[in-house]
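Novice: here is the input, now give the coordinates:
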Amino acid sequence: MGIFKDSKIYFRLEKDENKNEEQECLQENNEEGKMKKAGGLTVFTATFFLVGDVAGCGLLSFPWALSRIGYVGILLIFLFGVGAIYSATLLGRCWMMISERFAEYHDQPVRHPYPLIGQLAFGKTFRKLVSFCVIFTSCGSSVAYLLLISENLMALLPSANISYGCWLVIVAAVLCPVCWLGTPKDFWPVALFASLTTSIACVFIIIQIARDAPIVPPAFHAPLEFKTFLMAFGILCFGFGGHQVFPTIQVDMKKPEKFGTVAAFGFCTVLCMYVPVAIAGFLVYGSSLEENVLMSLLPGPVQLTAVVLLNLHLLGGFVILLSPVSLEMEDFFNVPNCFCFRRVLMRTILVCILLFVALSLPQFGAILALIGGSTMTCIVFIIPATCYLKLSSMKGDWETIEIPLHEKVLCIEIIVVGTLAGIAATYSALDALTYSHFSKPLYLS
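Specialist: The predicted structure follows:
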């Protein structure tokens, strides 16, 4: 009886100790949040964060998309770029309305601002929809990053004689411990490094394409097909995605009202990377382009340098993309916001799930098109415009916002066109993942 009583006391003390540890973690995080808000990102550092978040997969996949669409794809790239700037600006306005109307969200750091925007606009059910879009987009993008990194490593180290599936396992095992670390609130140096490596890699890719031009056969451009056009549409949308991270960037800014400037500078920088690479690849390689443009470049020191630089970007990008999903899952399962066994277990399981999906669906282009046509279209175009119209029309103890008629019409056009195009692109991507086009899972080969 005494032993049983002692054991009850022991477990009570252990429980209290764990509770105190969680409270210490919460207090520490609150202090860090206050320090972060006092410091905050500048327009310059926030722009690097945006570029580091957006650029990457689009740089590698846009040449293939352009080869399937033709010259009209150049116009579409610019239209997507302008549309992404406008929708990011609308998203920034939504957050400013929330922070000005609700003091509790202005004075304290918010971990999930995008779903919160959806909740305050349309309620908790809509918040769940936004959360699903964020999770599906981030997880799908992470799978695409795993596939890209492994594909690039195969090209970088062909003499290693390691299969595609083994590379996926190796990459996931290396990235898993890095995913155990905190949140991306202090990752701006990583974003800066990712932006610089992508910019330099862009130059090396163009140089290699120019060197390949007199060597490769003349470019052949296949006739336009409706299904491939829709897949390319999804890929173009994916290349200008990343909006699920933008409110988090804005929350951490010293002057969040300047986020529109960040969006303009950031996406203009991304366009300066995408357009030259896409046009050069389209003109030199034509319809023979691979879904990953690095696989179309002739081997050599310049090509290897571009592969290394872009892999460094993708490694950092994987960790940043997965962080919002990790935080959502940890909130759902009440995992303490500090380094502990439950965090390690949760994030390890998440990486293992993504690895299984990558091994099961090793189709890089179809995955990008599926994400770009479905949830990415919602996150980039439909949700920002919808929430902006709703929040602006809400009445309360705040100044009424009158939206000009032309802006209302523009928002409605974005919602309608985005919905129709997203449905069509999603259907095309799902068709590419059917059994008639399906690649056998790597663990069965």
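
Novice: per-residue confidence at M96?
Specialist: With respect to pLDDT, M96 has a value of 92.

Novice: nearest spatial neighbour of it, chain-adjacent residues omitted?
Specialist: For M96, ignoring the flanking residues on the chain, the nearest one in space by CB to CB, 6 or more residues apart in numbering is E257 at 5.9 Å. Heads up, the C-betas are built off the backbone N, CA and C, glycines and all.

Novice: helix, strand, or coil at the one you found?
Specialist: helix (DSSP: H, G, I helix; E, B strand; the rest coil).

Novice: try K440
Specialist: coil.

Novice: all numbers from here: first residue = 50
Specialist: That works, and once the first residue is 50, the last one we named lands at K489.

Novice: just the pLDDT at it, thanks.
Specialist: For K489, the predicted pLDDT is 71.

Novice: please apply the same query to W237.
Specialist: What the model reports for W237 is a pLDDT of 65.

Novice: same deal with G309?
Specialist: Note on G309: pLDDT of 92.

Novice: quick one: which helix or strand includes it?
Specialist: Take DSSP states H and E as the rule and G309 turns out to sit in helix 308-334.

Novice: show me what secondary structure element comes after that helix.
Specialist: Sequence order places helix 350-381 as the next helix or strand after helix 308-334, per DSSP H and E.

Novice: can you check what angle separates the very next helix or strand once past that next one from helix 350-381?
Specialist: Using DSSP H and E, the next helix or strand after helix 350-381 towards the C-terminus is helix 390-409. In terms of direction (axes from the mean of the first three to the mean of the last three CA atoms, to 10 degrees), helix 390-409 departs from helix 350-381 by 130 degrees.

Novice: what helices or strands is helix 390-409 leaning on?
Specialist: helix 173-205, helix 213-228, helix 350-381 (3 or more CB pairs under 8 Å, 6 or more residues apart in numbering; DSSP states H and E).

Novice: from the contact counts, what lies against the last one?
Specialist: Applying 3+ CB pairs under 8 Å, 6+ apart, one finds that helix 350-381 makes contact with helix 92-103, helix 173-205, helix 213-228, helix 237-261, helix 390-409.

Novice: then the first one?
Specialist: The elements that helix 173-205 packs onto, with contact taken as 3+ CB pairs under 8 Å, 6+ apart, are helix 106-118, helix 162-171, helix 213-228, helix 350-381, helix 390-409, helix 413-422, helix 424-426.

Novice: how about residues contacting the third one?
Specialist: Outside helix 213-228, the residues that touch it by CB atoms under 8 Å, 6 or more residues apart in numbering are 195-196, 198-200, 202-203, 211, 364, 367-368, 371-372, 375, 396-397, 399-401, 403-404, 407-408, 411, 491-492, 494.

Novice: just the element for E448, please.
Specialist: Assigned by DSSP H and E, E448 belongs to no helix or strand.

Novice: which positions in stretch 391-409 come out as buried?
Specialist: Neighbour-count burial for stretch 391-409 flags R392, M395, R396, L399, V400, L403, L404, V406, A407, L408 (criterion: 16 or more other CB atoms under 10 Å).

Novice: what's the spacing between the residue nearest to M145 and L479?
Specialist: Using CB to CB, to the nearest Å, E306 is found at 40 Å from L479.

Novice: how about low-confidence regions in this structure?
Specialist: Low-confidence segments of the chain (pLDDT under 70): 50-88, 155-158, 160, 231-237, 386, 413-415, 417-418, 481-488, 492-494.

Novice: tell me who's in contact with the most centrally placed residue in the chain.
Specialist: Nearest to the geometric centre of the chain sits G291, at 4.2 Å (CA atoms, centre = their mean). The neighbourhood of G291, defined by CB under 8 Å, 6+ apart, consists of L99, D102, V103.

Novice: most neighbours among the residues you listed, which one?
Specialist: V103 (28 neighbours; other CB atoms under 10 Å).

Novice: how about G366, what does it touch?
Specialist: G101, D102, G105, Y194, A243.

Novice: pretty sure the third one contacts N360?
Specialist: No - counting by CB atoms under 8 Å, G105 stays clear of N360, with 10.5 Å between them.
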